[in-house]
Every structure is written in C-alpha cells, then in structure tokens.
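Trainee: A predicted structure for the sequence below; I have some questions about it.
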Amino acid sequence: PYFTERFNKLKSIHKDFDVIETGWPKLDIYGTDKAAFEQERKELLQKYNAKKILLYAPTFSPKLTSAPFLVEQIKSLSENKEYLILLKFHPLMDESWIQIYTDLANEIPNIIFETEKNIIKFLLISGIEFCLIFVNFLAYLLFNSFCNASRLISFSIFLLFSILLFFNTYFLNCSNVISV
C-alpha cells in the first residue's frame, strides 16, 4: 500500500502506465513452498551437529546497519555449539564489515559466511517466522520522516537496543530463530 499510493500519484501525473498492487513476488515462496530448502537445512544441522540455525542478515545502509555493533555478540553466540550461525550480507555492505565477518567465519567452525545472493533461501533454512530485516526497512521509513537530528539519534539508539534485547531474549526463550 505504501508504494502503491506513491505510484498512483505518479500515474496521475504521467498518465502513461497502470499500477496494480500485487505484493512482493520474491516472498511468494513463503506461501507456496516453505519446505523448499528443508533437506539442505537438515544436512547443515547434521554436518555441524547443531540444533538451531541462526541467521544474521543486517542491512547494508551505513546509517542503519547493526554490523559494527554485533561482532562480539556473534562471537559470544557461537560459543553455544548447538547454534549454526549463517551470516548473509547484502552485496552493497561496506567491504570492511564483509571482511571482518568473513574472517570471523573462517576462525569459528559453527559460523558460515554465505555469499549466495538469495536471502529468501536463508530465511527459509533458518526457519524464520519473524524477521527484523523488515524492521530495518521500517526504521528506514521512520528515519526519513524525522526532521530533528536529536530525535533521530534517540530513536536510533532506542531501535538498536530494542533489536539487541529482542535478539538476546528470543534466543534465550524461544525455539525458533531470528534475523537482524
């Protein structure tokens, strides 16, 4: 709806195209074939003798990414060998963060740095039912609506701590996995 409304405004100006709201095609697999990568999931769990697959897929935006803040938390999570941690970064992520997390994956056996572009595959493999990737997108929209820099900084800090709190609470209290 958010984008449809904006495109309809452009349609009324340019009058040379139609707008039809259809959803997000790349997410259609969630409704049609959630088990598409179940065999690969089982093989990964078996290979790494893990019970859960955790996916960390931060946004690439330098102003919004959590990558600089979670290196130590990812290391700490990796101490629990029941977790297999998949790191999936956007191709536009700052190269220095890609290198830091690639090195981390090379050092720690239960961390894998994924380079395949299809994030949906990893969302399904990790069994994610709630994904903070979409919270990152929401944050982007909210940031664009703020005028006051101090409110933006306060909100950024609040959002970061909320994500970290949810991340830690989710792992301690739930049997599913999460992406941030």
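Mentor: That came through, no problem. Residues are numbered from 1 along each chain as shown.

Trainee: how about the helices of this structure, start to end?
Mentor: 2-14, 29-32, 38-47, 71-78, 95-107, 119-125, 133-145, 149-173 (DSSP state H).

Trainee: quick one: residue 49 and residue 81 touch, right?
Mentor: Yes: the pair residue 49 / residue 81 is scored as a contact, 7.1 Å apart, by C-beta atoms under 8 Å. Bear in mind the C-beta positions are built from the backbone N, C-alpha and C, glycine included.

Trainee: so where's the protein uncertain?
Mentor: 1-2, 23-31, 128-180 (pLDDT under 70).

Trainee: Any buried residues in stretch 87-99, and which?
Mentor: 87, 88, 89, 93, 97, 98 (16 or more other C-beta atoms under 10 Å).

Trainee: Convert stretch 71-82 to PDB, retaining C-alpha atoms only.
Mentor: Provided in PDB are the C-alpha atoms of stretch 71-82 (Å, rounded to 0.1, in the frame of the first residue of the first chain):
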ATOM      1  CA  VAL A  71      30.700  -8.700  16.200                       C
ATOM      2  CA  GLU A  72      31.300  -9.600  19.800                       C
ATOM      3  CA  GLN A  73      27.700 -10.800  20.300                       C
ATOM      4  CA  ILE A  74      28.000 -13.100  17.300                       C
ATOM      5  CA  LYS A  75      31.300 -14.500  18.700                       C
ATOM      6  CA  SER A  76      29.500 -15.000  22.000                       C
ATOM      7  CA  LEU A  77      26.600 -16.800  20.400                       C
ATOM      8  CA  SER A  78      29.000 -19.000  18.600                       C
ATOM      9  CA  GLU A  79      30.200 -20.400  21.900                       C
ATOM     10  CA  ASN A  80      27.000 -22.300  22.100                       C
ATOM     11  CA  LYS A  81      27.800 -25.200  19.700                       C
ATOM     12  CA  GLU A  82      24.100 -26.000  19.400                       C
END
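
Trainee: Kindly reformat the buried residues of stretch 87-99 as TSV containing distance to residue 16.
Mentor: Converted to TSV, those look like this (distance: C-beta to C-beta, whole Å):
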residue	distance to residue 16
87	43
88	38
89	38
93	36
97	41
98	41
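
Trainee: Distance check, residue 93 against residue 87.
Mentor: To residue 87, residue 93 is 10 Å away according to C-beta to C-beta, to the nearest Å.

Trainee: swap in residue 62?
Mentor: For residue 62 relative to residue 87 (C-beta to C-beta), the value is 18 Å.

Trainee: ok, now residue 109?
Mentor: 14 Å.

Trainee: what do you get for residue 69?
Mentor: Taken as C-beta to C-beta, the span from residue 69 to residue 87 is 15 Å.
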